[in-house]
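*Asks:* for reference, the sequence and a predicted model appear below.
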Amino acid sequence: MKKILFVPLLLGCVPFGGFCAAQSKLSVGEAVSYALSHRSEIRANDSKVTASERLRQQAGLISNPRFIFRKEDNRIGTSAFGANSQTYWEANQLIETSGRRGGRIAVANAGIEQSRLERDLQRRQIALAVRQSYWKARSMQALADLYDEDGRLLRPDDRIP
């Protein structure tokens, strides 16, 4: 009875065998490029660099003008549009002559440079960690192969009399 149920179950799993695959072997360069393209920290640091560049662009712009609409001398008992009220329209534009914009631009440029350096540092740290892990795994595999070879050479039934 158990054999009859096992065979259809086994045959039902055969079409899904193509989805199961062993790990592919990667070279050091492929492993590093894969890690750098799939890490969320790298994308976050790229976004920080883009944000810093946008802040630099904003720091170089002139300030927004102000438009002011005012009504004054409104007395109690008079209408808002009466003869005793005065209406003013004003426009202000701030002109910076003290070099503050240049200072803001310099700070923004320093922020861009810092963001880029942090991104490059993160990329280098990830690449270093991947390379170290790769070579550690390769050395452990070589060591395991040597132990297997030693085990085969030192079997009691294979000794030379």
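*Replies:* That came through fine. Residues are numbered from 1 along each chain as shown.
*Asks:* show me where pLDDT drops low in this protein?
*Replies:* Within the chain, the set of residues satisfying pLDDT under 70 comprises 1-22, 73-84, 156-161.
*Asks:* where is the longest helix in it?
*Replies:* helix 100-153 (DSSP state H).
*Asks:* distance between that helix and the chain's centre?
*Replies:* The chain centroid and the centroid of helix 100-153 are separated by 15 Å under CA atoms, centre = their mean, to the nearest Å.
*Asks:* packing partners of that helix?
*Replies:* Using 3 or more CB pairs under 8 Å, 6 or more residues apart in numbering; DSSP states H and E as the contact criterion, the secondary-structure elements in contact with helix 100-153 are helix 28-38, helix 40-59. Using the backbone N, CA and C atoms, a C-beta is placed for each residue, glycine as well.
*Asks:* packing partners for the first one?
*Replies:* Packing contacts for helix 28-38, counted by 3+ CB pairs under 8 Å, 6+ apart, involve helix 100-153.
*Asks:* same thing but at 10 Å, please
*Replies:* Other helices and strands packing on helix 28-38, by 3 or more CB pairs under 10 Å, 6 or more residues apart in numbering; DSSP states H and E, are helix 40-59, helix 100-153.
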